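1. what follows is a predicted protein model with its sequence.
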Amino acid sequence: MRVAILSDTHFGDDLCTLVVEPPKGPPELGPAYPALARAVGRADYVVLLGDVLDFSVASFEKAYRHAKVFFTALQADGLARQLIYIPGNHDFDIWNIVEHQVNVINQLKQGELPRAFKRSVPGVIDDRRSDAADGLVLPRVTPNPEWHDTGAKYGNLFLDNITRVKSTRRGVRSEGRKLTFNFVYPNLYLVSDSGESVLVTHGHYFEAYWALASDWLMRIASDALAVETPGQLNLQELVGMNLPLNQLACTGIGQAEPLTALVRKVQPDVGAGRRGEVAVFLDRLEARILEDRAGTSRIRRAAERYVVRRIKLWVLGAWPRIRRPASVGYSSAAPRCASASVATIATASTSSRSCHAITESTCRHRRTWSSATRISRSRGERTNSWTISTGTPCGSATRAAGC
């Protein structure tokens with residue numbers, strides 16, 4: 001079985017090199033696509049490992065418009081039999097759309113009442129199975145191949161139609177072949193024919209912000225939370241508790257024009273450590289806070305002025321240090337396996353912010369660690385699975401893997 005893993009394409013972001021949009025004209029395939037197509041070849045599954053469509057920085061319209069160009073080419077070139085989509089932090093909202101379609105829209109269409117969201121649906125590909133070529137299993141999801149034009153067990157969701165075009169025939173809305181997208185979240189597990197397990201995840205829950213709500217609520221209100229196991233969270237609970245902040249940082253900002261345009265405008269200042277307009281905004285904030293406190297005593301106003309200015313100076317002083325973190329992971333040099341029945345091609349070099357590597361998932365001697373894995377181990381957790389997190393930029397850690 002051949003499994004290709006593609007991460008961080010960021011369709012809709014101007015930095016994406018798989019699909020580009022000229023100043024005049026529609027989006028088209030970018031310079032990175034030919035190399036990607038050669039690397040993938042003919043795969044049983046292409047795993048889309050998060051941040052595929054970028055709803056944090058692009059409108060829905062632009063992100064889907066760019067993605068359509070890529071998926072149409074992928075389908076025409078026959079690169080994948082099926083697709084497995086694992087949303088990340090920049091496209092987290094697509095998981096909510098899937099949940100809404102499955103548990104609300106489809107239920108109402110069938111005359112049923114909506115049901116609770118699953119929040120987490122892991123995927124498992126077991127190469128030890130005799131039918132491994134069609135071995136994707138989604139626990140708690142009922143296979144219905146009779147519902148699908150392709151006979152696939154799962155899929156038949158809204159994104160399957162992204163390669164179809166508007167029909168000119170009367171009474172026909174669209175025409176063309178569909179793709180098959182299988183959605184899992186947040187983890188996919190690969191099991192090789194030798195029994196070794198590989199954990200595939202975008203890795204955003206290992207970063208502080210994306211697990212901030214659950215982390216702090218478990219510290220201060222664990223005894224008041226109605227969780228399955230007192231004192232700890234399962235994946236469904238982890239995803240649910242962090243939903244508000246995750247959605248805020250994904251579509252909450254990315255679809256909030258005109259705020260979105262302002263965020264994009266100051267982004268270069270953040271990356272370069274420049275104060276720019278941020279200093280102006282902080283000055284205005286300081287003046288407004290102090291103005292609103294005009295009715296208080298002089299001593300209290302003086303204390304508040306001191307605190308506000310100290311906070312402003314701290315933010316401005318820390319500003320040059322606010323950068324995209326360098327990758328702290330590493331890929332150890334090790335012998336390449338002579339043969340592997342599950343080939344994992346991690347191709348994250350689709351934008352200027354990332355890199356790519358090709359590894360063999362059945363090679364017991366090779367390990368690809370990431371910042372996510374390093375954090376996991378620093379917390380004292382123990383795992384025998386590999387963690388592949390491709391949300392970090394290309395740095396010295398990943399050059400060993402072929403960047």
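-> Great, that's in hand.
2. which residues of the stretch 101-250 of the chain fall in helices?
-> Along the stretch 101-250 of the chain, the stretches classed as helices by DSSP state H, counting those that start in this stretch are 106-109, 212-220, 235-241, 243-247.
3. what residues of the longest one count as buried?
-> When burial is assessed from 16 or more other CB atoms under 10 Å, helix 212-220 yields the following buried residues: Ala213, Ser214, Asp215, Met218. (Each C-beta comes from the backbone N, C-alpha and C, glycine too.)
4. out of those, who's nearest Asp193?
-> Of all the buried residues of helix 212-220, Asp193 sits closest to Ser214, with 36.1 Å by CB to CB.
5. hang on, isn't the closest one packed against Leu243?
-> No - look at Ser214 against Leu243 with CB atoms under 8 Å: they stay out of range, at 10.0 Å.
6. so can I have a markdown table of the buried residues of helix 212-220 showing pLDDT and distance to Pro139?
-> Converted to a markdown table, those look like this (pLDDT from 0 to 100; distance: CB to CB, whole Å):
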| residue | pLDDT | distance to Pro139 |
| --- | --- | --- |
| Ala213 | 93 | 25 |
| Ser214 | 93 | 22 |
| Asp215 | 92 | 26 |
| Met218 | 92 | 25 |
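7. ok, and the closest non-adjacent residue to the spatially most central residue of the chain?
-> Centroid-nearest residue in the chain: Gly88, 1.4 Å away (criterion: CA atoms, centre = their mean). In this structure, Gly88 finds its nearest non-sequential neighbour in Gly50, 2.3 Å apart by CB to CB, 6 or more residues apart in numbering.
8. quick one: end-to-end length of stretch 175-192, please.
-> Terminal residues of stretch 175-192 are spaced 38 Å apart (CA to CA, to the nearest Å).
9. first-to-last residue distance for stretch 183-202?
-> 13 Å.
10. right, I mislabeled it, should have said stretch 94-112
-> End-to-end distance of stretch 94-112 (CA to CA): 23 Å.
11. buried residues in that stretch?
-> Across stretch 94-112, burial judged by 16+ other CB under 10 Å covers Ile94, Trp95, Asn96, Ile97, Val98, Glu99, Gln101, Val102, Asn103.
12. and Gly176, how many neighbours?
-> Per other CB atoms under 10 Å, the neighbour tally for Gly176 reads 12.
13. my read: it touches Arg164, true?
-> Yes - the pair Gly176 / Arg164 is scored as a contact, 4.2 Å apart, by CB under 8 Å.
14. joint contacts of these two?
-> Both Gly176 and Arg164 lack any common contact, where contact means CB atoms under 8 Å, 6 or more residues apart in numbering.
15. okay, now the domains of the chain?
-> Residue ranges for each domain of the chain read 2-201+326-399, 237-321, as given by automatic domain parsing.
16. could you identify which of the ones you listed is most buried?
-> Most buried of the domains of the chain by mean neighbour count (mean count of other CB atoms under 10 Å) is domain 2-201+326-399; its value is a mean of 18.
17. pLDDT at the nearest residue to Asp93 once chain neighbours are set aside, what is it?
-> Using CB to CB, 6+ apart and skipping residues adjacent in sequence, the residue nearest Asp93 is Thr251, 4.3 Å away. Per-residue pLDDT puts Thr251 at 89.
18. and Thr251, how far from Ile97?
-> Applying CB to CB, to the nearest Å, the value for Thr251 to Ile97 is 10 Å.
19. what of Phe181?
-> Counting by CB to CB, the gap from Phe181 to Ile97 is 12 Å.
20. pLDDT weak spots in the stretch 151-300 of the chain?
-> Scanning the stretch 151-300 of the chain for pLDDT under 70 picks out the ranges 270-271, 292-295.
21. wait, Tyr64 touches Leu53, no?
-> Yes - counting by CB under 8 Å, Tyr64 touches Leu53, with 6.8 Å between them.
22. any common contacting residues for those two?
-> In contact with both Tyr64 and Leu53: Phe11, using CB under 8 Å, 6+ apart.
23. tell me how far stretch 175-193 lies from the chain's centre.
-> 14 Å (CA atoms, centre = their mean, to the nearest Å).
24. what's the first-to-last distance across it?
-> Length of stretch 175-193, first residue to last, CA to CA: 39 Å.
25. now stretch 155-164
-> So stretch 155-164: terminal residues 15 Å apart, CA to CA.
26. for the stretch 51-200 of the chain, just list every one of the strands.
-> Listed in chain order, the strands of the stretch 51-200 of the chain (DSSP state E, counting those that start in this stretch) span 80-85, 123-126, 136-137, 165-166, 174-175, 181-183, 187-191, 197-201.
27. which one, of the ones you listed, ends up nearest to Asp283?
-> strand 197-201 (41.8 Å).
28. got the CA positions of the closest one in CSV?
-> Output of strand 197-201 as CSV, limited to C-alpha atoms (Å, rounded to 0.1, in the frame of the first residue of the first chain):
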residue,chain,number,x,y,z
SER,A,197,2.0,1.8,14.6
VAL,A,198,2.5,5.3,13.2
LEU,A,199,0.5,8.2,14.7
VAL,A,200,-0.2,10.9,12.0
THR,A,201,-1.4,14.3,13.3
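29. okay, now the sheet partners of it, with direction.
-> Sheet pairing here is set by DSSP bridges, and for strand 197-201 it gives strand 187-191 (antiparallel), strand 386-388 (parallel).
30. just to revisit the earlier point, residues in contact with the residue nearest to Asp93?
-> Here Thr251 is in contact with Phe55, Ser56, Asp93 (CB under 8 Å, 6+ apart).
31. report pLDDT for Asn384.
-> If you check Asn384, the pLDDT there is 29.
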